[in-house]
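> What shape does this take:
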Amino acid sequence: MRTSSVLVTGGTGSLGAALCRRFRADGHVVVAADRSGAATVPDVVHHHPLDVTDPASVEACLDAAERLAPLSTVVLAHGVLLPAPGREAAGERMARTLEVNLAGAARVAALAADRMPSGSIVFLSSHASRFGRMPGASVYSASKAGVEALARGLACEYAPRLRVNAVGVGFLETPMRGAGAEARAAASGDLLAQVPMGRYATPDDVVEAVSYLASDRASYVTGTTLMVDGGVTAR
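Now for the predicted structure:
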């Protein structure tokens, strides 16, 4: 099988790095693209700086991936969560959230699709797109609902050449450290009570879903959002 490259935006975050490790283990050349440094990226994964708000930066990152191997998969795992309650939802935090989460995802997908004769694009969405009980997260939720709509539209636009899907990530298990850990733990218990499966998602849960959608095992799956949320949005 010919080696191909996989580009993971947000690839230096905890979830992004887990995605990079999985695609590398599956035999792909992997590029972790992010604004942050390469410290969390395994040695077997390439790192390239990326600002999703800048078309020139996106093109440079895609060039770097293609120099390594033909581009077959793009995973849009970047994002910001900037709580914006009340009037703040109409200001700078709103603009930044929409520019990074929605416009940035659309920009990378569109520029990558022009270079891909075949393959798969997978967006990371959130249960917040369908779950309104998150104070201060209305703009974030809207950005992720937009990502899911974008996946549906691009799936129809690019079919049958490319498949485009999304994974809706539920409450994700993350370490709790530092000041305020006790308060966060209490809030976490309140959230856990809303999850029918009785536990939070792990990075591996999400990685498995993304791996499936990106692979030939999902060759007839496009335009859908696979919810990995433990049943939260089913309630």
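> residues of stretch 48-56 that come out buried?
48, 50-52 (16 or more other Cβ atoms under 10 Å). Heads up, the C-betas are built off the backbone N, CA and C, glycines and all.
> no wait, stretch 144-163
Those would be 144-148, 150-152, 154-155, 158, 162-163, for stretch 144-163 by 16+ other Cβ under 10 Å.
> follow-up on the earlier one: so which of the buried residues of stretch 48-56 would you say is closest to Ala89?
Of all those, Ala89 sits closest to Val52, with 21.4 Å by Cβ to Cβ.
> residue boundaries of the strands in this structure?
5-9, 29-34, 46-49, 71-76, 119-126, 162-169, 225-228 (DSSP state E).
> Adjacent strands (with direction) for the fifth one?
To tie it back to what came earlier, the one meant is strand 119-126. Sheet pairing here is set by DSSP bridges, and for strand 119-126 it gives strand 71-76 (parallel), strand 162-169 (parallel).
> what does the third one give?
The pairing partners recorded for strand 46-49 under DSSP bridges are strand 29-34 (parallel).
> Nearest to Ala25, out of the strands paired with strand 119-126?
Closest among the strands paired with strand 119-126, using Cβ to Cβ: strand 71-76, at 14.0 Å.
> what about dumping the CA coordinates of that closest one to PDB?
Extracted as PDB, the C-alpha positions of strand 71-76 are listed here (Å, rounded to 0.1, in the frame of the first residue of the first chain):
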ATOM      1  CA  LEU A  71      -2.300  13.900   1.300                       C
ATOM      2  CA  SER A  72      -5.100  11.400   2.000                       C
ATOM      3  CA  THR A  73      -6.600  12.500   5.300                       C
ATOM      4  CA  VAL A  74      -7.200  15.800   7.100                       C
ATOM      5  CA  VAL A  75      -8.400  15.800  10.600                       C
ATOM      6  CA  LEU A  76      -9.600  19.200  11.900                       C
END
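> Mind checking the pLDDT average for that strand?
For strand 71-76, the mean pLDDT works out to 98.
> low-scoring stretches of this structure, by residue?
1-2, 37-40, 42, 174-189 (pLDDT under 70).
> for it, which helix is longest?
helix 138-158 (DSSP state H).
> Now the most centrally placed residue in the chain. Nearest residue, chain neighbours left out?
The centre of the chain sits closest to Ala77, judged by Cα atoms, centre = their mean, with a distance of 2.4 Å. Leaving aside its sequence neighbours, Ala77 sits nearest to Gly10 (Cβ to Cβ, 6 or more residues apart in numbering; 4.0 Å).
> Verify the contact between Thr53 and Leu102 for me.
No. Contact between Thr53 and Leu102 fails when scored by Cβ atoms under 8 Å: they sit 11.2 Å apart.
> For the protein, just list every one of the helices.
14-25, 55-68, 92-97, 104-113, 138-158, 181-192, 203-214.
> Tabulate those (TSV), appending distance to Val6.
Shown next, in TSV, are the helices of the chain (distance: least, Cβ to Cβ, whole Å):
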stretch	distance to Val6
helix 14-25	4
helix 55-68	8
helix 92-97	26
helix 104-113	11
helix 138-158	17
helix 181-192	32
helix 203-214	8
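> Quick check: which of the ones you listed is nearest to Arg35?
Across the helices of the chain, closest to Arg35 is helix 55-68 (Cβ to Cβ), at 9.1 Å.
> quick one: the closest one to strand 5-9, angle?
Per axes from the mean of the first three to the mean of the last three Cα atoms, to 10 degrees, the angle that helix 55-68 makes with strand 5-9 is 150 degrees.
> Just list what helix 55-68 packs against, helices and strands only.
Where contact means 3 or more Cβ pairs under 8 Å, 6 or more residues apart in numbering; DSSP states H and E, helix 55-68 is packed against strand 5-9, strand 29-34, strand 46-49, helix 104-113.
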